[in-house]
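Asks: okay, sequence plus prediction incoming.
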Amino acid sequence: MRIGFVGLGVMGFPMAGHLARAGHVLQVFNRSPAKALRFAEAHGGLAAETVAEAAHGAEALILCVGNDDDVRHVVGEALGDLAPGAVIVDHTTTSARVAREMAERAHASGRAFLDAPVSGGQAGAENGALTVMVGGDEAAFERMRPVIAAYGKAIRRMGPAGSGQLTKMVNQIAIAGAVQGVAEAMHFAARAGLDLAEVQAAISKGAAQSWQLDNRWGTMAEGEFDFGFAVDWMRKDLGIALDEARANGATIAVAALVDQFYADVQKLGGRRWDTSSLVARLEPPKG
């Protein structure tokens with residue numbers, strides 16, 4: 001398939017690489033042209049100078065950009081250059097509102113739009129093991145599922161336009177509570193004078209087991225946060241979830257509290273630290 005790909009950051013670059021290795025023809029664009037040139041040198045394809053050039057004649061356009069406004073801008077610039085019947089797949093985490101807007105706009109032009117936020121972080125993108133939550137037309141989803149499978153291991157359509165973004169909000173709400181729980185547990189164990197490695201080995205085999213406990217306890221204990229999903233990004237995602245909760249009447253008090261804890265981490269200089277840095281509020285990093 002001829003695919004336009006916009007956004008070659010820490011997630012987009014490896015995801016586009018998986019598509020190239022799967023045999024698709026890539027036309028890539030990035031706001032920093034050097035990244036597009038580096039991708040073309042590594043994987044072939046076209047390093048486009050504009051979004052429209054990346055979209056020109058493409059049967060699919062895949063986005064990994066920053067926020068609602070970025071998605072609106074890219075879709076607006078790309079839509080008229082896509083092949084008739086093309087599908088836009090947006091992996092950006094945005095509001096459900098913008099997903100519905102873009103789906104209507106794409107439909108009016110004879111194309112389709114899928115909101116398809118991901119979970120799994122940079123490691124998941126590099127290993128082709130992302131979880132992909134999709135909202136949008138079922139026929140467009142079935143057409144794009146084999147394409148997304150190049151970098152997704154769990155791909156599920158959640159419902160009509162906006163449903164993928166709503167599911168991503170659920171994901172981030174759950175993560176926020178889980179990370180705070182692990183941070184407080186570690187803080188308590190440290191103040192109690194327990195061996196942190198032994199505590200993790202003991203509780204990870206029972207009801208306290210979680211991905212955060214298995215994958216972040218050790219780095220949290222060492223005060224290592226220079227990797228993973230950044231605090232700034234998590235605050236953006238939680239802000240979207242909090243806005244949606246105000247609109248639909250949901251009570252997500254823990255997520256709101258953890259969002260403020262992440263604001264504290266930002267004040268500590270941790271804007272780009274991994275989300276596990278919540279523990280730094282309680283146990284200052286060794287460094």
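Replies: That came through fine.
Asks: what sits against the nearest residue to Leu282 once chain neighbours are set aside?
Replies: Leaving aside its chain neighbours, Leu282 sits nearest to His187 (3.9 Å; criterion: Cβ to Cβ, 6 or more residues apart in numbering). (Each C-beta comes from the backbone N, C-alpha and C, glycine too.) His187 makes contact with Val279, Leu282, Glu283, according to Cβ atoms under 8 Å, 6 or more residues apart in numbering.
Asks: how close does His187 get to Ala280?
Replies: Going from His187 to Ala280 by Cβ to Cβ, to the nearest Å gives 10 Å.
Asks: how about the strands in this structure?
Replies: With DSSP state E as the criterion, the chain has strands at 2-6, 25-29, 46-47, 60-63, 87-90, 112-115, 118-119, 130-135, 152-159.
Asks: need the ones you listed in TSV (columns: mean pLDDT and mean neighbour count).
Replies: Compiled in TSV, the strands of the chain are given as follows (pLDDT from 0 to 100; neighbours: other Cβ atoms under 10 Å):
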stretch	mean pLDDT	mean neighbour count
strand 2-6	98	27
strand 25-29	98	24
strand 46-47	98	20
strand 60-63	98	28
strand 87-90	98	28
strand 112-115	99	29
strand 118-119	98	22
strand 130-135	98	25
strand 152-159	98	17
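Asks: identify whichever of the ones you listed lies nearest to Arg272.
Replies: Among these, strand 118-119 comes nearest to Arg272, with 19.3 Å by Cβ to Cβ.
Asks: neighbouring contacts of that closest one?
Replies: Identification of contacts with strand 118-119 by Cβ under 8 Å, 6+ apart yields Met11, His91, Gly124, Ala125, Leu130, Thr131, Val132, Met133, Gly152, Lys168, Asn171.
Asks: can you list the low-confidence ranges for this protein?
Replies: 285-287 (pLDDT under 70).
Asks: how about the helices in it?
Replies: Assigned by DSSP state H, the helices in the chain fall at 12-21, 33-43, 51-55, 68-78, 96-108, 121-127, 138-148, 163-191, 196-203, 211-222, 231-248, 253-267.
Asks: closest to Trp273 out of those?
Replies: Among these, helix 231-248 comes nearest to Trp273, with 5.5 Å by Cβ to Cβ.
Asks: can you give me how far that closest one is from the chain middle?
Replies: 13 Å (Cα atoms, centre = their mean, to the nearest Å).
Asks: other SSEs contacting it?
Replies: helix 163-191, helix 253-267 (3 or more Cβ pairs under 8 Å, 6 or more residues apart in numbering; DSSP states H and E).
Asks: in a markdown table, list the ones you listed along with distance to Ala20.
Replies: Formatted as a markdown table, those follow (distance: least, Cβ to Cβ, whole Å):
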| stretch | distance to Ala20 |
| --- | --- |
| helix 163-191 | 24 |
| helix 253-267 | 35 |
